[in-house]
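**Student:** Prediction below, plus the sequence it came from.
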There are 2 protein chains.
Amino acid sequence: MGLTKNHIFDDYQNETALITKVLGHPARVAIIQHISKNQYCNCNDLVNATGLAQPTVSQHLSEIKRIKLLKQKHQGKNTFYAIDQDILNQYRRKINDFFVKVQVNCQK
Amino acid sequence: MGLTKNHIFDDYQNETALITKVLGHPARVAIIQHISKNQYCNCNDLVNATGLAQPTVSQHLSEIKRIKLLKQKHQGKNTFYAIDQDILNQYRRKINDFFVKVQVNCQK
DNA sequence: TATCTTTATTGTAATATCGCGTTACAATTT
DNA sequence: AAATTGTAACGCGATATTACAATAAAGATA
């Protein structure tokens, strides 16, 4: 089948997986790092920074956008990307809470 | 190609991705949750808890084992699984640090 | 011994992902 | 207008992932 059965899991489990899945590729980790160090950089910067082809970077960008982690500014032919810090912080807490809850469960 | 170019990314990026990738599936999130609430449960418990077939659960378990997040005890025909809390805590800090570093970079 | 239970392995079909060449398109630049 | 630049979309080949039936293997039980 090859098709994840999302419907048999709850919202919390699906959302946790959705967020971590986006972080689950080194290119996307690298892209997020580079944008954070160069807020409002463009696609070409990321191509140079990662060494991946432009369509590949563009594809990874759209996966990161899917979870709303990026803000975009269009200026002429350029698109500038920045990290949405509110969302980032929200996800940081969510993922950390997941770990903490698991940890607490272990100790009961 | 369908082949991740790990060699063009650094150890930090690859390790961050490796950990989050394992969490990037709702079945594995569910399995980790269930083991944490039932330390030293067996595979059958997880089959019942998730609703997935036994080979599927076994496959997910081995992915979680790949990053050393599980401890196992063999007792006769049974295999009991538990969360390795040291590793869990290590990963919690690692992933949280990743988020924090990105956040700090944004604010420079 | 034969059977049942539990888990891992093998094999396979369906689907998703990764990476990139090509193309398309919009906004500049010449 | 023509060429250039930056980005997204399309399409494709290679590989990986998801899920499961069937089987194997190892221990327990009748």
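**Tutor:** Nice, thanks for sending it over.

**Student:** A:A82 should be in a helix, yeah?
**Tutor:** No: A:A82 is assigned strand when assessed by DSSP: H, G, I helix; E, B strand; the rest coil, not a helix.

**Student:** What is the neighbour count of it?
**Tutor:** As a burial measure, A:A82 scores 16 neighbours (other C-beta atoms under 10 Å in any protein chain shown). To be clear about C-beta, it is placed using only N, CA and C from the backbone, and glycine gets the same treatment.

**Student:** same question, A:C41
**Tutor:** By other C-beta under 10 Å, 19 other residues sit near A:C41.

**Student:** what's across from it in the sheet?
**Tutor:** When bridges are taken as DSSP bridges, the partners of A:C41 come out as A:Y81.

**Student:** Let me see the contact set for it.
**Tutor:** A:C41 makes contact with A:34-35, A:80-81, according to C-beta atoms under 8 Å, 6 or more residues apart in numbering or on different chains.

**Student:** distance of it from A:T50?
**Tutor:** Per C-beta to C-beta, to the nearest Å, A:C41 is found 12 Å from A:T50.

**Student:** shared neighbours of the two, anything?
**Tutor:** Joint contacts of A:C41 and A:T50 (C-beta under 8 Å, 6+ apart) are A:H34.

**Student:** hmm, back to that, go through the contacts of A:C41 and name the one nearest DNA strand D.
**Tutor:** Using C-beta to the nearest atom of the strand, A:F80 comes nearest to DNA strand D of those, at 6.5 Å.

**Student:** Spell out for me which residue occupies the centre of chain A.
**Tutor:** A:I64 (4.1 Å; C-alpha atoms, centre = their mean).

**Student:** Do I have it right that that residue meets A:L23?
**Tutor:** No: in this structure, A:I64 is not within contact of A:L23 by C-beta atoms under 8 Å, at 9.1 Å.

**Student:** Give me the common contacts of those two.
**Tutor:** The contact sets of A:I64 and A:L23 overlap at A:I32 (C-beta under 8 Å, 6+ apart).

**Student:** before we move on, the earlier item: compare the contacts of A:C41 and tell me which has the most neighbours.
**Tutor:** A:I35 (26 neighbours).

**Student:** Please list all residues in contact with that residue.
**Tutor:** Counting by C-beta under 8 Å, 6+ apart, A:I35 has contacts A:41, A:46, A:70, A:81-83.

**Student:** Please produce TSV containing these, extended by pLDDT and distance to DNA strand D.
**Tutor:** Output for the contacts of A:I35, formatted as TSV (pLDDT from 0 to 100; distance: C-beta to the nearest atom of the strand, whole Å):
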residue	pLDDT	distance to DNA strand D
A:C41	97	8
A:L46	98	8
A:L70	98	9
A:Y81	98	8
A:A82	98	12
A:I83	98	15
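
**Student:** Just confirm yes or no for the helix or strand harbouring A:Q33 near DNA strand C.
**Tutor:** Taking DSSP states H and E as the definition, A:Q33 sits inside helix A:26-37. Yes: interface with DNA strand C: helix A:26-37 contributes A:A27 (C-beta under 7 Å from any atom of the strand).

**Student:** Can you dump the C-alpha atoms of that helix in PDB for me?
**Tutor:** Only the C-alpha atoms of helix A:26-37 are listed here, as PDB (Å, rounded to 0.1, in the frame of the first residue of the first chain):
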ATOM      1  CA  PRO A  26      19.300  17.400   6.200                       C
ATOM      2  CA  ALA A  27      18.600  19.800   3.300                       C
ATOM      3  CA  ARG A  28      15.700  21.300   5.100                       C
ATOM      4  CA  VAL A  29      17.600  21.600   8.300                       C
ATOM      5  CA  ALA A  30      20.300  23.400   6.400                       C
ATOM      6  CA  ILE A  31      17.800  25.600   4.600                       C
ATOM      7  CA  ILE A  32      16.200  26.600   7.900                       C
ATOM      8  CA  GLN A  33      19.600  27.300   9.500                       C
ATOM      9  CA  HIS A  34      20.700  29.400   6.500                       C
ATOM     10  CA  ILE A  35      17.500  31.500   6.400                       C
ATOM     11  CA  SER A  36      17.700  32.100  10.200                       C
ATOM     12  CA  LYS A  37      21.200  33.400   9.800                       C
END
